[in-house]
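Peer 1: Sequence first, predicted coordinates after that:
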Amino acid sequence: MIKGLEPVPLKDLRALGAPKQWIVEGHLETLPSLTPVRGHLTAEHRGNVLAVEGVLQTIVTLSCDRCLGQFNQQITSKPAELIWLGVTLPGDEPLQAETDIEHVNGWVECLDPRGCFDPEQWVFEQLNLQLPVVNSCGDHCPGPAIPLTERQNNVLDEEADPRWAVLRQLREP
Ligand SMILES: [Zn+2]
């Protein structure tokens, strides 16, 4: 739990009548990171949408998919999104005129207007979206280690190879 990022009722944000800002400094339980998550976010209630934006940064330790070695990856996120305040996402119905959301193509999220906005959950989601799909430690990746079973098979092949059998016979007195 990051200090100060407690969920806030949407009606409180509405009553505020101005953007609310949070300073982010701490570790997320849901996303272990090497350095604390640092940054800030603001949320503004605009009637039927909540405008949320922020700047977030942290360093996470990931495991390379090829060599299985661990490496550190900086994650930076500058998200800005509008969250629809309604139980269901709007269809093609006209939106309230006071909101400047004509540029938004498609809604990804909605919140029950009687519920809360959870800034910590939002921070987690934004950082999680930035995690690489494929973990690679970089160009210097040594590649996959040869599995033990494969090495054992090579030894067995050598013993089974008839040419080695001839050599062994030569060695015998
Ligand atoms: Zn690697």
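Peer 2: In hand now; what should we look at?
Peer 1: center of the protein - which residue?
Peer 2: By C-alpha atoms, centre = their mean, the chain has its centre lying nearest to Asn128, at 1.6 Å.
Peer 1: That one: which element?
Peer 2: helix 119-130 (DSSP states H and E).
Peer 1: That helix: which residues count as buried?
Peer 2: Going by neighbour count (16 or more other C-beta atoms under 10 Å), the buried part of helix 119-130 is Pro119, Glu120, Trp122, Val123, Phe124, Glu125, Gln126, Leu127, Gln130. All C-beta spots, glycine's among them, are computed from the backbone N, C-alpha and C.
Peer 1: quick one: Met1 and Glu120 touch, right?
Peer 2: Yes: Met1 lies in contact with Glu120 (C-beta atoms under 8 Å); the separation is 6.9 Å.
Peer 1: Ile59 versus Thr76, what's the distance?
Peer 2: As judged by C-beta to C-beta, to the nearest Å, Thr76 and Ile59 stand 10 Å apart.
Peer 1: can you give me the mean pLDDT across the helix holding Asn128?
Peer 2: Regarding helix 119-130, the rounded mean pLDDT is 96.
Peer 1: wait, Gly4 sits on Lys20?
Peer 2: No: between Gly4 and Lys20 there is no contact under C-beta under 8 Å: 11.3 Å.
Peer 1: ok so, going back, can you tell me the SS state at the closest residue to the residue nearest to the centre of the chain other than its chain neighbours?
Peer 2: Nearest residue to Asn128 in three dimensions, chain neighbours excluded: Leu31, at 6.3 Å (C-beta to C-beta, 6 or more residues apart in numbering). Using DSSP: H, G, I helix; E, B strand; the rest coil, the structure places Leu31 in coil.
Peer 1: ok, Leu31 touching Gln121?
Peer 2: No: between Leu31 and Gln121 there is no contact under C-beta under 8 Å: 11.0 Å.
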